[in-house]
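Peer 1: Sharing a model prediction with you, sequence too.
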Amino acid sequence: MIHARQLARTFQVKGERVEAVRGIDLDVEPGELVAFLGPNGAGKSTSLRMLTTLLPPTSGTALVAGHDVTHEGARVRQRIGYIGQGSGSGEYMLPRDELMTQCRAYGLSRTEAVRRTGELMAMLDLESLATRPAGTLSGGQRRRLDIALGMVHRPALLFLDEPSTGLDPQNRAHLWEHILRLRRESGTTLFLTTHYLDEADAMAERVIIVDRGAIVADDTAENLKAQLAGDLITLTLADTDHAGTAAAIASRMPSVSEATVDGTTVRVRATWGVAVLPEYLRALDTSAAPALTAEVRTPTLDDVFLALTGRRLRDGDAPEE
Ligand SMILES: Nc1ncnc2c1ncn2[C@@H]1O[C@H](COP(=O)(O)OP(=O)(O)OP(=O)(O)O)[C@@H](O)[C@H]1O
């Protein structure tokens with residue numbers, strides 16, 4: 001569905017060259033739900049704008065929905081939907097009229113337009129809002145209308161640029177229910193950008209992390225967390241001697257990458273910590289240095305970002321959740 005090779009974009013700002021996207025390779029298959037995650041200025045929107053033909057690449061190629069973004073822009077646009085960061089609906093327009101107009105603009109007959117408008121309003125729970133001016137809708141309702149507008153022509157691939165930014169947690173969760181339902185019911189491939197780590201973690205099957213214009217990781221959230229950060233096992237022991245013994249035992253275990261002592265606390269970084277812990281506790285009992293407490297913490301995508309870049313994703317000016 002998306003096949004990009006060495007896709008790059010530079011900007012000249014006051015005589016200075018800004019490398020917004022530095023030659024990314026990307027393959028997305030039909031039906032995937034991909035979250036494109038990265039701090040402010042990482043190059044997410046620029047990548048999206050190139051993939052949706054809104055911005056020509058400086059170099060590289062991208063086939064999107066079977067067509068080349070540079071030479072077959074119109075064909076790409078026929079097959080994709082793009083929901084940008086700003087709202088696409090007019091303040092005084094009524095959702096039903098807005099959808100009808102969009103359907104007609106795509107060449108649907110009046111009867112087809114009525115049917116499609118009804119389908120989309122049902123799918124995105126807009127029926128009770130059909131005759132309210134868009135300007136009076138809440139942020140979440142407005143996003144749903146934007147998504148409905150982007151789906152009028154049944155795109156095989158839908159791009160969403162930060163769909164949930166600015167929404168409160170309840171509205172974000174509600175919007176996600178709709179996005180997931182849309183995907184279930186229409187099989188649309190979804191490619192979205194987000195700042196929200198928890199959201200990417202919970203909702204997307206595949207997470208692509210971008211930093212400074214380059215892809216630094218691409219896998220399921222679960223794999224990224226397991227392979228790149230590892231689980232954190234924290235133990236407390238009766239005294240510092242026991243803690244030293246516990247750290248030494250951990251560092252000899254094959255799946256442990258790091259073991260540190262801080263007073264009577266031992267912190268152990270391990271792949272699949274929940275599987276390592278019982279074995280570790282048995283070894284401690286055998287060595288007469290039993291743990292008083294034990295806890296396994298699964299890493300977050302922020303830990304993954306830290307492991308990859310040495311920085312927290314939140315260090316920048318990403319909005320707080
Ligand atoms: N039209 C432009 N002219 C000059 N520089 C630009 C332009 N668009 C983007 N940039 C620069 O390119 C880099 C990447 O920007 P981009 O908007 O793609 O990042 P982003 O990851 O989408 O960030 P955000 O999360 O804030 O939307 C930034 O340094 C930005 O300042």
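Peer 2: Cool, the structure landed.

Peer 1: Spatially central residue in this protein, please.
Peer 2: A35 (2.6 Å; Cα atoms, centre = their mean).

Peer 1: My read is that that one contacts I209, right?
Peer 2: No - contact criterion Cβ atoms under 8 Å: A35 and I209 do not qualify, at 9.2 Å. The way it works is simple: take the backbone N, C-alpha and C, and place the C-beta from them, glycine included.

Peer 1: which SS class is the residue nearest to the centre of the chain?
Peer 2: Secondary structure, DSSP: H, G, I helix; E, B strand; the rest coil: A35 is strand.

Peer 1: my read is L158 is in a strand, agree?
Peer 2: Yes - counting by three-state DSSP, L158 is located in a strand.

Peer 1: If it is in a bridge, with which residues?
Peer 2: L158 has these beta-bridge partners by DSSP bridges: G81, L190.

Peer 1: now the helices for this structure?
Peer 2: Assigned by DSSP state H, the helices in the chain fall at 44-51, 73-79, 95-105, 110-123, 139-150, 169-186, 197-203, 221-224, 240-251, 273-286, 301-309.

Peer 1: highest average neighbour count across those?
Peer 2: helix 44-51 (a mean of 24; mean count of other Cβ atoms under 10 Å).

Peer 1: Quick one: check that helix for contact with the ligand.
Peer 2: Yes - Helix 44-51 reaches the ligand (Cβ under 6 Å from any ligand atom) through 44-46.

Peer 1: Would you mind getting the angle between that helix and strand 33-37?
Peer 2: 130 degrees (axes from the mean of the first three to the mean of the last three Cα atoms, to 10 degrees).

Peer 1: Give me the mean pLDDT for helix 44-51.
Peer 2: For helix 44-51, the mean per-residue pLDDT is 93.

Peer 1: Quick one: list the elements packing against it.
Peer 2: strand 2-13, strand 16-28, strand 33-37, strand 59-64, strand 157-161, strand 189-194 (3 or more Cβ pairs under 8 Å, 6 or more residues apart in numbering; DSSP states H and E).

Peer 1: Which of these sits closest to I233?
Peer 2: Nearest to I233, of all the helices and strands packed on helix 44-51, is strand 33-37, at 26.4 Å by Cβ to Cβ.

Peer 1: Parallel or antiparallel, list what pairs with the closest one.
Peer 2: strand 189-194 (parallel), strand 206-211 (parallel).

Peer 1: And the first one, how far out from the chain middle?
Peer 2: The gap between the average C-alpha position of strand 189-194 and the chain average comes to 7 Å, counting by Cα atoms, centre = their mean, to the nearest Å.

Peer 1: List of residues touching that strand?
Peer 2: 1-2, 28-38, 44-45, 48, 51, 156-165, 179, 183, 200, 204 (Cβ atoms under 8 Å, 6 or more residues apart in numbering).

Peer 1: okay, the angle between it and strand 59-64?
Peer 2: Going by the same axes, to 10 degrees, strand 189-194 makes 130 degrees with strand 59-64.

Peer 1: tilt between strand 189-194 and strand 16-28?
Peer 2: 140 degrees.

Peer 1: Export strand 189-194 to PDB, keeping only CA atoms.
Peer 2: What follows is strand 189-194, C-alpha atoms only, in PDB (Å, rounded to 0.1, in the frame of the first residue of the first chain):
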ATOM      1  CA  THR A 189      -5.400   0.700   5.800                       C
ATOM      2  CA  LEU A 190      -4.700   3.400   8.500                       C
ATOM      3  CA  PHE A 191      -1.500   5.400   8.800                       C
ATOM      4  CA  LEU A 192      -1.500   8.000  11.500                       C
ATOM      5  CA  THR A 193       0.800  10.300  13.300                       C
ATOM      6  CA  THR A 194       0.600  10.900  17.000                       C
END
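
Peer 1: Quick one: work out the angle between that strand and strand 2-13.
Peer 2: Angle, strand 189-194 to strand 2-13, by the same axes, to 10 degrees: 30 degrees.
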